[in-house]
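Asks: the following block contains a protein sequence and its predicted model.
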Amino acid sequence: MAGITYEDFLDTSYEPADSELVCTFSVDPAADMDMAAAASRVASESSNGTWAELQVDGEITDLSATAFEIDGRRVQVAYPDSLFEAGNMAQILSCIAGNIMGMKAVDRIRLLDCEWPEALTASFPGPRFGSAVRESIFGAGDRPITATVPKPKVGLSTDQHVQVGYEAWTGGIDLLKDDENLTDQPFNPFRDRLIESFGARDRAEAETGEKKSYLINVTADTNTMLERVDMVAEEGGEYVMVDVITCGWAAVQTVRDQCEKHDLAIHAHRAMHAAFDRVPNHGVSMRVLAQVARLCGVDQLHTGTADLGKLENEDSRGINDWLASDLHGLRDVLPVASGGLHPGLVPELVDRLGTNICIQAGGGIHGHPDGTHAGAKALRQAVDATVAGVDLDEYAAEHPELETAIGKWGTETPR
Ligand SMILES: O=C(O)[C@@](O)(COP(=O)(O)O)[C@H](O)[C@H](O)COP(=O)(O)O
Ligand SMILES: [Mg+2]
């Protein structure tokens, strides 16, 4: 008869197997708890343990995790892959980011990073396209692709939305994008918006000779999302957009499967991510959320503006590097920089994040003194100047739309 106690989950001489998922946590133990005791409880409660000493008759499959490294507040835990259901992200997160987030044994705990083993990684599809969309859809070469969200976020009629899209596309923007809270409301119904936007897209493509596309937001209950994915495919779309955090990873996985059938790419908006990652010593880091998104198969993901924009960002550069890194052969993910961006910020943004990005500007285009079309031209001009290595002010001297944008916003970070 084996007794299982918290202490069984701590072994600092343990060497993780290659097949194990290794998670790094920052842990602030409760006042009456030392680091070793807290670490053992983290490993226990996130695998197969509990607070009471258990007596188990006969042999059981040992699915215990092991806290094997304690370095200051950092704790590393190794999880046997047999603990997990292959390909089931919700089950994995219920282990590594579940009850432990609310344990009294810790004052604060944050899941900082994961090292994903090959077999577990292979049980996920990963992105269908990744950053290859830049070339495969837009023929953009080494230029960042651009996107714009019509503003105000919601409330525009379908006609108004489509007109804004047309003006932005003909101004040089690659992607029209719905806002995270625009879905199928009566003032701008999904189906009408889809069909009429594609009409405007076709006209803009004919006028500019450039490929254009639309990130339409399919976010809803899962069955409705599947219907909307099919509708986008029927109408000849290349993308769907999903609010991945508010929808949940189980739904994202189901949408990924449906998109596979139609060869559609997935743009992931991360609304609500800050509820998980903003408090520096608690929750789940954006780095881990990005890892989960890549495994579940999104092609584009918002990862911040390297602190140049209006929103708090956690290490955009580090996260983007991870999204581009080798992960047992899984495709990469195209990072999306968005939130308070405008033409004047493009050179510094590219300097910090490189060109393998999508730059989204809503207010930074539609707030242009001369309107959407001029705002779109200004952003495209800023991108073209930056890629060509031309000083922005010098380029602006020949490009009035850019000159006006710089005149209005300079290179300031909006608040
Ligand atoms: O609603 C907004 O704020 C945006 O549409 C940006 O609009 P602006 O371009 O007008 O600022 C995006 O949702 C945020 O960028 C999301 O944040 P993140 O990219 O950090 O996930
Ligand atoms: Mg938005």
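Replies: Sure, I can see it. Ligands and ions are numbered 1, 2, ... in the order given.
Asks: contacts and neighbour counts: CA atoms only from here.
Replies: OK.
Asks: name the helix or strand of the chain that has the lowest mean pLDDT.
Replies: Of all helical and strand segments in the chain, the minimum by mean pLDDT, DSSP states H and E falls on strand 2-4, at a mean of 65.
Asks: run the chain-centre distance for whichever helix or strand comes after that strand.
Replies: Next in sequence after strand 2-4, counting helices and strands by DSSP states H and E, comes strand 21-29. Strand 21-29 sits 22 Å away from the centroid of its parent chain (Cα atoms, centre = their mean, to the nearest Å).
Asks: helices or strands up against the helix or strand that contains Arg191?
Replies: Secondary structure from DSSP H and E places Arg191 in helix 190-208. Contacts defined by 3 or more Cα pairs under 8 Å, 6 or more residues apart in numbering; DSSP states H and E place helix 190-208 against helix 158-170, strand 213-215.
Asks: just the C-alpha atoms of the first one, please, in PDB.
Replies: Yep, that's helix 158-170 we're talking about. Taking Å, rounded to 0.1, in the frame of the first residue of the first chain, the C-alpha atoms of helix 158-170 are listed here in PDB:
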ATOM      1  CA  THR A 158     -22.600  47.800 -43.200                       C
ATOM      2  CA  ASP A 159     -22.400  50.400 -46.000                       C
ATOM      3  CA  GLN A 160     -20.200  52.700 -43.800                       C
ATOM      4  CA  HIS A 161     -18.000  49.800 -42.800                       C
ATOM      5  CA  VAL A 162     -17.600  48.700 -46.500                       C
ATOM      6  CA  GLN A 163     -16.800  52.300 -47.600                       C
ATOM      7  CA  VAL A 164     -14.100  52.600 -45.000                       C
ATOM      8  CA  GLY A 165     -12.700  49.300 -46.100                       C
ATOM      9  CA  TYR A 166     -12.700  50.400 -49.800                       C
ATOM     10  CA  GLU A 167     -10.900  53.600 -48.900                       C
ATOM     11  CA  ALA A 168      -8.300  51.800 -46.800                       C
ATOM     12  CA  TRP A 169      -7.600  49.100 -49.400                       C
ATOM     13  CA  THR A 170      -7.300  51.600 -52.200                       C
END
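Asks: same question for it: list its buried residues.
Replies: Thr158, His161, Val162, Gln163, Val164, Gly165, Tyr166, Glu167, Ala168, Trp169, Thr170 (16 or more other Cα atoms under 10 Å).
Asks: okay, strands next: where are they in the stretch 51-200 of the chain?
Replies: With strands called from DSSP state E, counting those that start in this stretch, the stretch 51-200 of the chain shows them at 54-56, 66-71, 74-79, 106-115, 145-148, 175-177.
Asks: circling back to that earlier point, so which of the buried residues of helix 158-170 are also by ligand 1?
Replies: Residues of the buried residues of helix 158-170 in contact with ligand 1 (Cα under 6 Å from any ligand atom): none.
Asks: that older thread, between the helix holding Arg191 and helix 158-170, how many degrees?
Replies: For helix 190-208 against helix 158-170, the angle by axes from the mean of the first three to the mean of the last three Cα atoms, to 10 degrees is 30 degrees.
Asks: from the middle of its chain, how far away would helix 190-208 be?
Replies: That offset, for helix 190-208, works out to 26 Å (Cα atoms, centre = their mean).
Asks: try stretch 338-356
Replies: 17 Å.
Asks: in that stretch, what counts as buried?
Replies: With the criterion 16+ other Cα under 10 Å, stretch 338-356 contains buried residues 338-347, 349-350, 353-356.
Asks: which of those residues fall in helices?
Replies: When the buried residues of stretch 338-356 are checked against helices (DSSP state H), the matches are Val346, Pro347, Leu349, Val350, Leu353.
Asks: what about stretch 61-73, how long is it end to end?
Replies: 31 Å (Cα to Cα, to the nearest Å).
Asks: now stretch 72-85
Replies: One end of stretch 72-85 to the other measures 32 Å (Cα to Cα).
Asks: swap in stretch 151-160?
Replies: 10 Å.
Asks: care to break the chain down by domain?
Replies: Under the assignment automatic domain parsing, the domains of the chain span 6-122, 130-409.
Asks: ok, back up a step: what's the most buried one of the strands of the stretch 51-200 of the chain?
Replies: The highest mean neighbour count among the strands of the stretch 51-200 of the chain, using mean count of other Cα atoms under 10 Å, belongs to strand 145-148: a mean of 27.
Asks: does ligand 1 sit close to that strand?
Replies: No - using Cα under 6 Å from any ligand atom, strand 145-148 stays clear of ligand 1, with a minimum separation of 7.3 Å.
Asks: which strands and helices lie in contact with that strand?
Replies: Partner elements for strand 145-148 (3+ Cα pairs under 8 Å, 6+ apart): strand 175-177, strand 358-360.
Asks: gap between the first one and the chain center?
Replies: Averaged C-alpha coordinates place strand 175-177 at 16 Å from its chain's average position (Cα atoms, centre = their mean).
Asks: could you do the last one as well?
Replies: Using Cα atoms, centre = their mean, the distance from the centre of strand 358-360 to the centre of the chain it belongs to is 13 Å.
Asks: who touches that strand?
Replies: For strand 358-360, contacts defined as Cα atoms under 8 Å, 6 or more residues apart in numbering pick out 144-149, 334-339, 341.
Asks: for ligand 1, what's its nearest residue on the stretch 201-350 of the chain.
Replies: Nearest residue of the stretch 201-350 of the chain to ligand 1: Gly339, at 3.2 Å (Cα to the nearest ligand atom).
Asks: wait, doesn't that residue sit right on Gly364?
Replies: No - applying Cα atoms under 8 Å as the test, Gly339 and Gly364 come out as separate, 9.0 Å apart.
Asks: interface residues of the stretch 51-200 of the chain facing ligand 1?
Replies: Val149, Asp179, Glu180.
Asks: how many residues are close by Asp391?
Replies: 12 (other Cα atoms under 10 Å).
Asks: what of Glu235?
Replies: 12.
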